[in-house]
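Trainee: Need coordinates for the below:
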Amino acid sequence: MKGIRLDHIGIAVNNLEEGAKFWKLLGLLDDEDVEVNSEQGVKIQFLSTLQGEPTRIELLEPINPETPVGKFIASRGVGVQQLAFEVEDIKETIEHLLNNGIKMIDETPKSGAHGCLIAFVHPKSCGGVLVELVQKQH
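Mentor: Numbers count the residues shown, from 1 in each chain. This is a model prediction of the structure:
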């Protein structure tokens, strides 16, 4: 079987312009013009990151039920828990987002997997999606 890549993640929004605000502040780019799919009854706008390493799937098993992932599973069940985006300078990105009215869970980066620095953006600022910022340490 050949390797595969994650093509896209769909996020339902009430309004494309409002829904795109956070993602554009984060640095995603308009991929193409807005498309209307009458058959599916939706307006579609794709946003993309710059080229980089392949997208990966991260499976998260809580160590105990009181962890953030444990609480997530208890309230929502298993499923997509967060989207993670690599950024060049996590402190600068946090400051940029805060200066533009984006609410952060973590205003100071903390340690993450593979020795990376991580910080989470509050889902209320991302259309209900938990977003993780990741800065690789070189």
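
Trainee: Show me where this protein has its strands.
Mentor: Shown for the chain, the strands assigned by DSSP state E span residues 29-30, 35-37, 42-44, 47-48, 83-86, 110-111, 117-121, 131-135.

Trainee: Which of those strands sits closest to V13?
Mentor: V13 lies closest to strand 42-44 among the strands of the chain, at 9.5 Å (CB to CB). Quick note: C-beta positions are derived from backbone N, CA and C, even for glycine.

Trainee: Which elements pack onto the closest one?
Mentor: Applying 3 or more CB pairs under 8 Å, 6 or more residues apart in numbering; DSSP states H and E, we find strand 42-44 packed against strand 35-37.

Trainee: Give me the buried positions along the strand it packs on.
Mentor: If you call a residue buried by 16 or more other CB atoms under 10 Å, then strand 35-37 has no buried ones at all.

Trainee: which residues are in contact with that strand?
Mentor: Outside strand 35-37, the residues within contact range by CB atoms under 8 Å, 6 or more residues apart in numbering are 42-45.

Trainee: With stretch 10-29 instead?
Mentor: Contacts for stretch 10-29 (CB under 8 Å, 6+ apart): 30, 34, 43, 45, 47-50, 85, 87, 93, 96-97, 100, 102, 121, 125-127, 129, 131.

Trainee: Go again with 10 Å.
Mentor: 30, 34, 42-50, 80, 83, 85, 87-88, 93, 96-97, 99-102, 121, 125-129, 131, 133 (CB atoms under 10 Å, 6 or more residues apart in numbering).
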